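J.: Give me a 3D structure for the following:
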Amino acid sequence: MNKFNKQDGVSVIKFIALTPLILIGLVVLAFIFTLLNKAYWDYRVKQMCEADGGVTVYERVFLSELEYESHSGSDGRLIAPPESNSDNTQFLYFSKYKKSYIKESNPGVYKRETIIYRKLDSKELGSMIHYRRVGGDFPTIIFNTSGFGCEATTNLRSLLDEIFFIKEDLK
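T.: Got it, this is the predicted structure:
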């Protein structure tokens, strides 16, 4: 008896022909999943930014031009070094950073809080909260990792500009 019949050969050919289509379908599904996952986390980051992201000022500081220059200020840029670098007596203000992960895996989502303090009394002058999504892209070799975060609060400069003001020296 012949155990091999024509129908068995046809099913093997069908399987060989359908394998590339199945693999392409799986890649397309994975691509769609990564796009939807990224869109979901972008939406969540946008919600968190609207809820409590941005700059909050507790006290405005008016500096004379001399005080401003003594803090390495030039071209409208004041320096508030991180707490670890603030031992220098030249600086009367310092910054602290707190970064907490909301989601560590791909994509990573975190909250970064920047706080400006006055060194004299350790009083908090203002803070900035920024949320960001990093990664979550379809794996390729060609493209860099994408990111999405709060639009208005991207750097320390926006916080310092809200706290510190230069006043004219009174003569």
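
J.: Okay, now the unreliable bits of the protein?
T.: Applying pLDDT under 70 to the chain picks out residues 1-10, 71-77, 85-90, 152-154, 168-171.

J.: just checking, what's the longest helix in it?
T.: Across the chain, the longest stretch assigned as helix under DSSP state H is helix 6-52.

J.: what's that one packed up against?
T.: strand 108-118, strand 123-134, strand 147-149 (3 or more Cβ pairs under 8 Å, 6 or more residues apart in numbering; DSSP states H and E). Just so you know, the C-beta spots here come from the backbone N, C-alpha and C atoms, and that holds for glycine as well.

J.: Quick test: name the residue nearest the centre of the protein.
T.: Centroid check for the chain by Cα atoms, centre = their mean gives residue 132 as the closest residue, at 2.9 Å.

J.: Kindly state the beta-bridge partners for it.
T.: residue 110, residue 149 (DSSP bridges).

J.: Go ahead and confirm it touches residue 112.
T.: Yes. Look at residue 132 against residue 112 with Cβ atoms under 8 Å: they come within range, at 7.0 Å.

J.: Can you tell me the element the nearest residue to residue 165 once chain neighbours are set aside falls in?
T.: Leaving out its chain neighbours, the residue that sits closest to residue 165 by Cβ to Cβ, 6 or more residues apart in numbering is residue 62, at 5.1 Å. Element membership for residue 62 (DSSP states H and E) is strand 61-64.

J.: Flag every buried residue along that strand.
T.: 61, 63 (16 or more other Cβ atoms under 10 Å).

J.: name the helices or strands packed onto that strand?
T.: Strand 61-64 packs on strand 164-167, going by 3+ Cβ pairs under 8 Å, 6+ apart.

J.: Pairing partners for the strand it packs on, with directions?
T.: strand 61-64 (parallel).

J.: just how off-centre is the strand it pairs with within its chain?
T.: Here strand 61-64 is found 31 Å from its chain centre; the criterion is Cα atoms, centre = their mean, to the nearest Å.

J.: From residue 150, how far off is the spatially closest residue to residue 41 that is not a sequence neighbour?
T.: Of all residues not flanking residue 41 in the chain, residue 133 sits nearest, at 4.7 Å (Cβ to Cβ, 6+ apart). Distance check for residue 133 against residue 150: by Cβ to Cβ, to the nearest Å, it reads 11 Å.
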